[in-house]
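1. Any chance you can model this:
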Amino acid sequence: MRTIQPLLRSGLTVAAVAALPLALTAGPAAAAPGISVSTSGSTVSVTTTACSRTAPTGGWGTASLLTSSQANFSQGRQAALSGTTSLQSAAWSSVSPGTYTVIVRCAFNNSTAGTQSIIVSGSATPTISATATASPSRGVMGGLGGGSKDYGTLTLAVGGGLVAVGGVAAAWFLRRRSRPYRL
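-> Numbers count the residues shown, from 1 in each chain. Alright, predicted model coming up:
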């Protein structure tokens with residue numbers, strides 16, 4: 001029974017170490033060609049690599065920003081994709097807070113490059129309310145490098161002296177302990 005528990009623990013550790021490289025190399029499920037949507041304040045932007053060819057009429061494709069009440073691509077705010085063969089993008093500004101769905105269609109074969117939902121929270125500039133308070137009045141008072149008060153040379157010298165006395169006392173105690181025949 002005593003040997004089974006350490007073997008079980010080491011076996012689980014070996015399994016976790018063996019699975020770690022696989023977990024690190026595996027990307028997110030949506031890492032395949034598709035779209036990447038981000039928000040910054042009231043601006044929503046989308047990037048894709050799926051529309052790498054232009055249509056015969058020109059253009060990479062179209063992206064549509066749909067609200068929760070809109071059902072299909074043509075109902076949303078549409079923006080033309082711009083970019084190069086390696087990366088295409090579109091953006092919408094002045095988007096009000098809420099939940100949106102972004103759909104990207106490539107112009108070359110009229111296929112959907114991807115669909116993703118995003119939540120827009122509001123403006124990029126923070127608002128300060130009248131009830132907001134600043135940092136605490138005393139600040140950080142401890143820790144190396146985190147002190148907010150300079151105590152001066154005298155305090156530093158006294159502290160250094162106390163550390164030296166503590167070091168000497170520890171050495172004396174350990175020396176006396178190593179010789180049991182001395183009292």
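2. I'd like to know how far Thr84 sits from Ser74.
-> As for Thr84, its distance to Ser74 is 27 Å (criterion: CB to CB, to the nearest Å). All C-beta spots, glycine's among them, are computed from the backbone N, C-alpha and C.
3. shaky segments in the protein?
-> The model of the chain has pLDDT under 70 over residues 1-33, 122-150, 179-183.
4. would you list every one of the strands in it?
-> Chain-ordered strands for the chain, with DSSP state E as the definition, fall at 35-40, 43-48, 61-67, 77-80, 82-83, 88-92, 98-106, 112-120.
5. looking at those, which is closest to Leu162?
-> Across these, Leu162 has its closest neighbour in strand 35-40 (52.6 Å, CB to CB).
6. ok, residues contacting that closest one?
-> Residues outside strand 35-40 that contact it (CB atoms under 8 Å, 6 or more residues apart in numbering) are 44-48, 50, 95, 102, 104, 113-116, 118-121, 124.
7. With mean neighbour count and distance to Ala169 added, can I get the strands of the chain in a markdown table?
-> Listed next are the strands of the chain as a markdown table, based on neighbours: other CB atoms under 10 Å; distance: least, CB to CB, whole Å:
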| stretch | mean neighbour count | distance to Ala169 |
| --- | --- | --- |
| strand 35-40 | 16 | 59 |
| strand 43-48 | 20 | 64 |
| strand 61-67 | 22 | 72 |
| strand 77-80 | 16 | 74 |
| strand 82-83 | 14 | 71 |
| strand 88-92 | 21 | 68 |
| strand 98-106 | 20 | 66 |
| strand 112-120 | 16 | 61 |
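8. Kindly reformat these as CSV containing distance to Gly152.
-> Output for those, formatted as CSV (distance: least, CB to CB, whole Å):
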stretch, distance to Gly152
strand 35-40, 47
strand 43-48, 51
strand 61-67, 61
strand 77-80, 62
strand 82-83, 61
strand 88-92, 56
strand 98-106, 57
strand 112-120, 52
